[in-house]
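Colleague: Pasting the sequence and the predicted coordinates here, then a few questions.
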Amino acid sequence: MDILQAVPAFSSIMLIPIYFILRNINNRLTGVDKLIHNHESRISYIEGAHTVEHTGE
């Protein structure tokens with residue numbers, strides 16, 4: 001009986017860190033998406049600047 005009573009309490013306690021871990025992973029993934037987007041826009045900006053320099057000459 002002790003084991004059966006301990007399992008629900010243990011599982012409910014374990015759900016809290018799992019929730020935070022999943023939320024952290026989700027935040028990291030959205031952060032990575034933003035980083036990739038910023039990196040792509042920076043590359044396109046640099047390419048645009050290079051084309052402007054070349055046309056200026």
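Modeller: Structure's in. What do you need? Remember, predicted model here, so these are calculated numbers, not experimental data. Residues are numbered from 1 along each chain as shown.
Colleague: where does the protein dip in pLDDT?
Modeller: Residue ranges of the chain with pLDDT under 70: 1, 3, 49-57.
Colleague: Kindly recompute the last result at 50.
Modeller: Applying pLDDT under 50 to the chain flags residues 57.
Colleague: which stretches of it form helices?
Modeller: Assignment of helices within the chain using DSSP state H yields the ranges 2-56.
Colleague: contacting residues for R23?
Modeller: Counting by Cβ atoms under 8 Å, 6 or more residues apart in numbering, R23 touches no other residue. Backbone N, C-alpha and C define where each C-beta goes, glycine included.
Colleague: Roughly how far does it sit from E40?
Modeller: Distance, R23 to E40, using Cβ to Cβ, to the nearest Å: 26 Å.
Colleague: Could you do T30 as well?
Modeller: Plainly put, T30 is 16 Å away from E40 if you go by Cβ to Cβ.
Colleague: do the same with L22
Modeller: 27 Å.
Colleague: Kindly report the same for L29.
Modeller: Applying Cβ to Cβ to L29 and E40 gives a distance of 17 Å.
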